[in-house]
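Trainee: coordinates for the following, if possible.
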Amino acid sequence: MFGHSLRYLFIVGLAAYSFLNTWSVDIFKYYPIPVHLTGVAVLFLVVIFGIWESNRLINRHLQLQNVPFLRQTAYQFAVSILVTAVITLLAIGAVSQVYAIPLSELGLSLKLFLVFAFRINLFLNTIHVITEYVKQLRKSQMEAEQLKKASVQAELQAIRNQVNPHFLFNNLSVLAALIPKDTNASVDFVQQFSKVYRYVLVSHEKELVTLDEELHFIDAYLFLLEKRFGAALRANINVSAQARKKKLVPVALQMLIENAVKHNIVSERRPLYLTIKDIDSQVLVVQNNLQRRLHDEELSTGIGLSNILQRYAFLGGQTPEVQQTNTDFIVKLPLLSVPNSK
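Mentor: Sure, this is the predicted structure:
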């Protein structure tokens, strides 16, 4: 509010209203000020201008980092009270100098203007708090709506992956080939297959999951992929115990691995190497060697990666990094420290 483009018009209007209101109720009759009314009007304008502009500077330059809105507002208001008192003292001192009136004769005037200045400061800060609160409320509502859309989009993407006929066909084909050869391996395959689907269904009820949960899911998912591709797919996971306690958006790793498999050559002559590791328990690095298919019929729409970026932007305030070199595709996911998540 204090930085409004029409603030000088507001200052003049508030000064005029305050002066006329004070004059109309005969305040000056009962508490005479030894200065001409024109001088008093100018004094009103100067004091209000000083209060407004000082609050503008306070709000601009006294921004505390990572401090709740109400606490920061209280801190800024406390500072503004001190500044208001100084402005009023300086204004009365200027009157004393301009009109050659001893300060001892302006004691009552000083008290009146201090009361007036504090009330104006309180009024302006109240309006400012209401304005900022409404602004933050609208921003929160917009972010909540965007997050809801992002979550719905993620759920739709996950459902599409669940019922993807190619994914089902490939895994059922692998299972059909395993049954006559190795019954025990077939049972293991079905168990891992059920883990994948169960996790996808349950995880989308949450905004965040622990990395440990996600990696248990990825173990099952990689089991299915390795049964399908054999030695053509080689995954290496090296994540610290501390990093496993951190959180990330659900199914993010599966989306990245699926994209890597879908859009790169995976063969025994040209294996696809997947690496998942953490950096100081703060960042999770997902990396694969880049060997694009010559005729990629399922070109990526970018929905999966875009959704991951969106959800991180709204939940953690940290954005994943995406890097592509001539030889590798790398995504760095921030690991979040959040006590509880739905």
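Trainee: these two touch, right, residue 272 and residue 288?
Mentor: Yes - contact between residue 272 and residue 288 holds when scored by CB atoms under 8 Å: they sit 6.2 Å apart. No exception for glycine: its C-beta is placed from N, CA and C like everyone else's.
Trainee: what's the overlap in contacts for these two?
Mentor: 260, 264 (CB atoms under 8 Å, 6 or more residues apart in numbering).
Trainee: pLDDT below threshold where in the stretch 101-250 of the chain?
Mentor: Counting by pLDDT under 70, the stretch 101-250 of the chain shows low-confidence ranges at 152-153, 155-168, 170, 204.
Trainee: show me where it has helices.
Mentor: 107-162, 165-178, 183-203, 211-229, 241-244 (DSSP state H, counting those that start in this stretch).
Trainee: mind checking the ones you listed for the one nearest to residue 62?
Mentor: helix 107-162 (13.1 Å; CB to CB).
Trainee: relative orientation of the closest one and helix 183-203 in degrees?
Mentor: Orientation check (axes from the mean of the first three to the mean of the last three CA atoms, to 10 degrees): helix 107-162 against helix 183-203 gives 150 degrees.
Trainee: tell me the SS of residue 322?
Mentor: strand (DSSP: H, G, I helix; E, B strand; the rest coil).
Trainee: tell me the contacts of it?
Mentor: 305, 330, 331, 332.
Trainee: residue 309 too?
Mentor: 319, 320.
Trainee: so it, which of the three states?
Mentor: helix.
Trainee: quick one: distance of stretch 197-214 to the chain centre.
Mentor: In terms of CA atoms, centre = their mean, to the nearest Å, the gap separating the centre of stretch 197-214 from the centre of its chain is 22 Å.
Trainee: please enumerate the strands of the stretch 1-150 of the chain.
Mentor: Using DSSP state E, counting those that start in this stretch, no strands are found in the stretch 1-150 of the chain.
Trainee: for the protein, list the residue farthest from the centre, please.
Mentor: The outermost residue of the chain relative to its centre, with distances by CA atoms, centre = their mean, is residue 100 at 57.0 Å.
Trainee: residue ranges of each domain in this structure, please.
Mentor: The chain resolves into domains spanning 7-142, 163-334 when parsed by automatic domain parsing.
Trainee: can you check which of the ones you listed gets nearest to residue 149?
Mentor: Comparing those by CB to CB, domain 163-334 comes nearest, at 8.5 Å.
Trainee: quick revisit: give me the phi and psi angles of the residue farthest from the centre of the chain.
Mentor: phi 50, psi 50 (degrees, to the nearest 10).
Trainee: apart from its chain neighbours, what residue comes closest to residue 222?
Mentor: Leaving aside its sequence neighbours, residue 222 sits nearest to residue 235 (CB to CB, 6 or more residues apart in numbering; 5.2 Å).
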